[in-house]
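Visitor: quick one: sequence plus predicted model below, questions after.
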Amino acid sequence: MLRPLLLSTVAATALTGVGGLGPLPPLPLLSGSDAVTSLTVAIEKSGHAEADGTFRLECDGATPAQGTPGSTHPAAANACKRLDQLAQSGTDPFAPVPADGFCTQQYGGPATARISGTWQGRRVDAGFSRANGCEIDRWENLRPVLPRV
């Protein structure tokens with residue numbers, strides 16, 4: 001029984017590209033031009049043709065509940081609002097699942113995503129999947145930046 005857990009942990013580490021770093025400290029909240037978000041969101045195998053693809057998500061830090069005109073994300077305003085909520089709470093939604101975490105062995109489907117760019121003035125390059133309970137929770141925490149699958 002230990003083998004599937006070990007493989008799951010290895011798979012999660014491989015997907016995120018980070019292992020053994022432990023939890024990250026809370027992020028300082030930025031404002032104004034430092035809080036500008038400019039992300040590329042690439043989604044595959046979601047099971048919904050309209051959700052799959054590569055989208056731009058542009059959020060102006062001064063008006064976080066609105067996507068800027070450069071956005072092609074299908075839910076830009078709500079996605080910007082969610083990212084602002086996460087920033088306000090000090091949560092880093094792009095942090096990988098800890099390598100030593102215990103995750104339920106459930107499979108949430110083949111959907112994958114990569115989000116890269118800038119969030120709250122910080123570089124972001126994060127991979128997402130639905131390979132186990134921890135990864136599913138991580139995906140769901142970013143809805144509607146990532147679609148319901």
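Guide: Cool, the structure landed. Numbers count the residues shown, from 1 in each chain.

Visitor: I'd like the next helix or strand past the lowest-mean-pLDDT helix or strand in the chain.
Guide: Within the chain, no helix or strand scores below helix 2-16, which has a mean of 38 by mean pLDDT, DSSP states H and E. Moving toward the C-terminus from helix 2-16, the next helix or strand (DSSP states H and E) is strand 37-44.

Visitor: packing partners for that following strand?
Guide: strand 53-59, strand 112-119 (3 or more C-beta pairs under 8 Å, 6 or more residues apart in numbering; DSSP states H and E). For every residue, glycine as well, the C-beta is placed using N, CA and C.

Visitor: rebuild the ones you listed as a markdown table, extending it with distance to Ala126 and mean neighbour count.
Guide: Converted to a markdown table, these look like this (distance: least, C-beta to C-beta, whole Å; neighbours: other C-beta atoms under 10 Å):
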| stretch | distance to Ala126 | mean neighbour count |
| --- | --- | --- |
| strand 53-59 | 13 | 19 |
| strand 112-119 | 5 | 18 |
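
Visitor: looking at those, which is closest to Ile136?
Guide: Smallest distance to Ile136 across the helices and strands packed on strand 37-44 (C-beta to C-beta): 12.4 Å, for strand 112-119.

Visitor: what is the rounded mean pLDDT of the closest one?
Guide: On average, the pLDDT along strand 112-119 is 97.

Visitor: quick one, it and strand 37-44 angle?
Guide: Counting by axes from the mean of the first three to the mean of the last three C-alpha atoms, to 10 degrees, strand 112-119 lies at 170 degrees to strand 37-44.

Visitor: now do strand 112-119 and strand 53-59, the angle between them.
Guide: Using the same axes, to 10 degrees: strand 112-119 against strand 53-59 is 30 degrees.

Visitor: buried stuff in whichever helix or strand comes after strand 112-119?
Guide: Downstream of strand 112-119, the first helix or strand assigned by DSSP H and E is strand 122-129. Of the residues in strand 122-129, Val124, Ala126, Gly127, Phe128, Ser129 count as buried by neighbour count, 16 or more other C-beta atoms under 10 Å.

Visitor: pull up the pairing partners for strand 122-129, direction included.
Guide: Sheet pairing here is set by DSSP bridges, and for strand 122-129 it gives strand 112-119 (antiparallel).
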